[in-house]
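Q: Any chance you could fold what I've pasted below:
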Amino acid sequence: MTSNALVPSTPQPERVAEVQRNTAETRVRVRINLDGTGAVRLNSGIGFLDHMLEQIARHGLIDMEVECAGDLHIDGHHTVEDIGITLGQAFAQALGDKKGLRRYGHAYVPLDESLSRVVIDFSGRPGLFMDVPFTAARLGQLDTQLVQEFFRLCQPCGG
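A: This is a model prediction of the structure:
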C-alpha cells in the first residue's frame, strides 16, 4: 500500500530571489536560491566578506551570487552596508509567506578555536545580539567594526 500523505498536492514555489540596489556609492546585485547546493559566485571587492558569504552559502546549502561595485577607494562601509541590505531583501523575498517553516531554529558550530552558536527567529521582528570580541581591527580588507552592522542589516525582516 502506498500513501501520498506526505506529498504536497500542489507544487511548492521556488525559494529564489534576485534583488538589485543602486545608490550613489554602490551598485549591488544579489541572487539566492534557498534550496540550492551551496554554489557561489561572489565579487564584493572585499575578500574576507566574500569568504563570510561563501561559508553562509556552503553550510546553509544556499546558492548565492553577489556582485558589487562600490566606493572601496574610500572604505568598505557602503559596500558592506548595501550588500547586507540587499541580501536581507533577497532572503525576505525568497522566504515569501514562510509557509512550512518553523519559526525558530538554532545551531552550534565548532570552529578551530571557537564555538559558534546561532539562533534564528523568523517572526519578522528585527534583532541581533552578537558577542564577538575581535582582536584585530581588520580581517584582510574587512573592517571588523562593519561585521555586526552587516548581520544587523541582512535580516530578512528588514533589520
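Q: export the longest helix along the chain as PDB, just CAs?
A: Looking across the chain with DSSP state H, the single longest helix is helix 77-95. Extracted as PDB, the C-alpha positions of helix 77-95 are listed here (Å, rounded to 0.1, in the frame of the first residue of the first chain):
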ATOM      1  CA  HIS A  77      31.400  50.800   4.700                       C
ATOM      2  CA  HIS A  78      29.000  51.400   1.900                       C
ATOM      3  CA  THR A  79      29.800  48.100   0.200                       C
ATOM      4  CA  VAL A  80      29.300  46.100   3.400                       C
ATOM      5  CA  GLU A  81      26.100  48.000   4.300                       C
ATOM      6  CA  ASP A  82      24.500  47.800   0.900                       C
ATOM      7  CA  ILE A  83      25.300  44.100   0.400                       C
ATOM      8  CA  GLY A  84      23.800  43.500   3.900                       C
ATOM      9  CA  ILE A  85      20.600  45.400   3.000                       C
ATOM     10  CA  THR A  86      20.300  43.700  -0.400                       C
ATOM     11  CA  LEU A  87      20.900  40.200   0.900                       C
ATOM     12  CA  GLY A  88      18.300  40.800   3.600                       C
ATOM     13  CA  GLN A  89      15.800  41.800   1.000                       C
ATOM     14  CA  ALA A  90      16.600  38.800  -1.100                       C
ATOM     15  CA  PHE A  91      16.100  36.500   1.900                       C
ATOM     16  CA  ALA A  92      12.800  38.100   2.700                       C
ATOM     17  CA  GLN A  93      11.600  37.800  -0.900                       C
ATOM     18  CA  ALA A  94      12.800  34.100  -1.200                       C
ATOM     19  CA  LEU A  95      11.100  33.200   2.100                       C
END
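Q: Looking at that helix now, give me its mean pLDDT.
A: Taken as a whole, helix 77-95 has an average pLDDT of 95.
Q: chain center to it: distance?
A: Centre-to-centre, helix 77-95 and its host chain are 7 Å apart (C-alpha atoms, centre = their mean, to the nearest Å).
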